[in-house]
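Engineer: here you go, sequence then predicted model.
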2 protein chains.
Amino acid sequence: MARNKDMNQKIKDERREQILSKALMFYAKKGLSATKITDIASALSISQGLIYHYYRSKEEIFTELIGTAFERMNEACRWLESQPMTAKEKIAFAIQELLKLLEKDEDAARYHLLIAQAAASEAIPGEAKAIIEKENTFSYEVIARIITDGQKDGSFKNYDAKELALVFWTSINGLAIYKAVHGEKFKAPDAAILTSMFFQE
Amino acid sequence: MARNKDMNQKIKDERREQILSKALMFYAKKGLSATKITDIASALSISQGLIYHYYRSKEEIFTELIGTAFERMNEACRWLESQPMTAKEKIAFAIQELLKLLEKDEDAARYHLLIAQAAASEAIPGEAKAIIEKENTFSYEVIARIITDGQKDGSFKNYDAKELALVFWTSINGLAIYKAVHGEKFKAPDAAILTSMFFQE
DNA sequence: GTCTATATCCAGATAGAC
DNA sequence: GTCTATCTGGATATAGAC
């Protein structure tokens, strides 16, 4: 009995995962409003009606993905900030890891794109907008704080820390979008190019 | 008689302009597939049917905008390359101008966003895709050439010129997207932050 | 849990009157 | 040139069978 229940639960969880994963792919590729429920269903070789067994609407799927995207991103930021590294090491590490992620982790690039897209577009569900409004500043603040630290110890250039944080993230986002376009062919640029915006020579 | 003809032509041209302009706004804001013909029509206080007097479809409007976007961009690139400046001056000038444009010229930022969007999305008309495929490399090549020149005279850092050009444009695109989100509140970062990726100290 | 209808709705596009 | 119908298609979402 319990056996069956567990099995069913597992199947259910797996389906949700599959749906989320495929939806992420399509949203990143075509945007929310251009992806049809059918796209997701047929890519999974399941009936279109079945999607509605798991989610109320494609907006709900989108919102869940946005939530996950920020969870991961903010968790990574918290982790980074708490590491026993110098400011310079933190930023160097972050850029290196982000570039590596963009190059090798398809989903990571997609999540980035999703956030960029969602933030840029007004055609997204209100709930998702709310998440973005609430969460989107955190990663900027973390980077700005690290930069400020680095300026205190003289290892960073003395431009406005907020502007530097802005350029930090918009550069990464720009690359994420480029990657989304060119897919496999994308090769991340040398991390040193980006770090040279921040570090004192 | 000729008078009337001219008048009519003028009205027609003006309408086309209005439609293009509003369409650009909505496409930048919500993307192609999420903007409805009704959005454009009602923003112009004209009937929805009238749009079809001027354009076959919203895809056609989109494609025309993409064409214009590249025309302007490539024209600017050609102009830049032909100027009697050093490589360093050219890049410094380009970054300065682009940032100024992003900050002050709403339409310029929108055109940027449109290209980024169109390039990133598979949900765009085939004709527009073709334009992008054909035109999108030009601006990258121009910047790469200028950078190569600058490396020869020792004023530029010696990273791979193609990678530098990539970072050049993706950084600008990232900022354009950020601007699209935050609208009026956006203040462009100090141009020197970006130039420091390219110039030898 | 999954599928096959089916209902509903909305946006794209057309036709014809003014 | 512009508007008001209207047609049409496609996509969302639901209902009911297996």
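Structural biologist: Good, I have the coordinates. Numbers count the residues shown, from 1 in each chain, chains lettered A, B, ... in the order given.
Engineer: and stretch A:37-51, which residues are buried?
Structural biologist: For stretch A:37-51, burial by neighbour count (16 or more other C-beta atoms under 10 Å in any protein chain shown) applies to A:Ile37, A:Asp39, A:Ile40, A:Ala41, A:Leu44, A:Ile46, A:Ile51. For every residue, glycine as well, the C-beta is placed using N, CA and C.
Engineer: what helix or strand does the third one sit in?
Structural biologist: Spelled out, it's A:Ile40. helix A:37-43 (DSSP states H and E).
Engineer: again, but for A:Glu97
Structural biologist: Assigned by DSSP H and E, A:Glu97 falls in helix A:87-104.
Engineer: so what secondary structure elements neighbour the helix or strand following that helix?
Structural biologist: Heading C-terminal from helix A:87-104, the first helix or strand you meet, by DSSP H and E, is helix A:106-120. With contacts taken as 3 or more C-beta pairs under 8 Å, 6 or more residues apart in numbering or on different chains; DSSP states H and E, helix A:106-120 sits against helix A:2-30, helix A:58-82, helix A:87-104, helix A:126-152, helix A:161-182, helix B:106-120, helix B:161-182.
Engineer: rewinding a little: which one of the buried residues of stretch A:37-51 sits closest to chain B?
Structural biologist: Checking those against chain B by C-beta to the nearest C-beta gives A:Asp39 as the nearest, at 10.1 Å.
Engineer: for that closest one, what are its contacts?
Structural biologist: A:Phe26, A:Lys30 (C-beta atoms under 8 Å, 6 or more residues apart in numbering or on different chains).
Engineer: which of the buried residues of stretch A:37-51 are close to DNA strand C?
Structural biologist: Filtering those for neighbours of DNA strand C using C-beta under 7 Å from any atom of the strand leaves A:Ile46.
Engineer: what about the helix holding A:Glu97, near chain B?
Structural biologist: No. Applying C-beta under 8 Å from any C-beta of the partner chain, one finds helix A:87-104 out of contact with chain B, separated by at least 10.6 Å.
Engineer: interface residues of chain A facing DNA strand C?
Structural biologist: A:Asn8, A:Ile11, A:Lys12, A:Arg15, A:Ser45, A:Ile46, A:Ser47, A:Gln48, A:Gly49, A:Leu50, A:His53.
Engineer: pull the number of nearby residues for the first one.
Structural biologist: The number of residues packed near A:Asn8 is 10, by other C-beta atoms under 10 Å in any protein chain shown.
Engineer: and it, what pLDDT?
Structural biologist: In this prediction, A:Asn8 carries a pLDDT score of 84.
Engineer: check contacts around it.
Structural biologist: Counted by C-beta under 8 Å, 6+ apart, A:Asn8 has zero contacts.
Engineer: quick one on the thing from earlier: of all the helices and strands packed on helix A:106-120, which one is nearest DNA strand D?
Structural biologist: Taking C-beta to the nearest atom of the strand, helix A:58-82 is the member of the helices and strands packed on helix A:106-120 nearest to DNA strand D, at 5.4 Å.
Engineer: which strands and helices sit next to that closest one?
Structural biologist: Using 3+ C-beta pairs under 8 Å, 6+ apart, helix A:58-82 sits against helix A:2-30, helix A:37-43, helix A:87-104, helix A:106-120, helix A:126-152.
Engineer: so can I have JSON lines of these showing distance to B:Phe199?
Structural biologist: Formatted as JSON lines, these follow (distance: least, C-beta to C-beta, whole Å):
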{"stretch": "helix A:2-30", "distance to B:Phe199": "35"}
{"stretch": "helix A:37-43", "distance to B:Phe199": "46"}
{"stretch": "helix A:87-104", "distance to B:Phe199": "19"}
{"stretch": "helix A:106-120", "distance to B:Phe199": "28"}
{"stretch": "helix A:126-152", "distance to B:Phe199": "21"}
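Engineer: any idea which of those helices is most buried?
Structural biologist: When you average the neighbours per residue for each of those (mean count of other C-beta atoms under 10 Å in any protein chain shown), helix A:106-120 leads with a mean of 22.
Engineer: a markdown table please, covering the buried residues of stretch A:37-51 and showing pLDDT.
Structural biologist: As requested, the buried residues of stretch A:37-51 are exported to a markdown table (pLDDT from 0 to 100):
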| residue | pLDDT |
| --- | --- |
| A:Ile37 | 98 |
| A:Asp39 | 98 |
| A:Ile40 | 98 |
| A:Ala41 | 98 |
| A:Leu44 | 98 |
| A:Ile46 | 98 |
| A:Ile51 | 98 |
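Engineer: output the buried residues of stretch A:37-51 as JSON lines; include the columns distance to DNA strand D.
Structural biologist: Shown next, in JSON lines, are the buried residues of stretch A:37-51 (distance: C-beta to the nearest atom of the strand, whole Å):
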{"residue": "A:Ile37", "distance to DNA strand D": "4"}
{"residue": "A:Asp39", "distance to DNA strand D": "8"}
{"residue": "A:Ile40", "distance to DNA strand D": "9"}
{"residue": "A:Ala41", "distance to DNA strand D": "9"}
{"residue": "A:Leu44", "distance to DNA strand D": "14"}
{"residue": "A:Ile46", "distance to DNA strand D": "12"}
{"residue": "A:Ile51", "distance to DNA strand D": "8"}
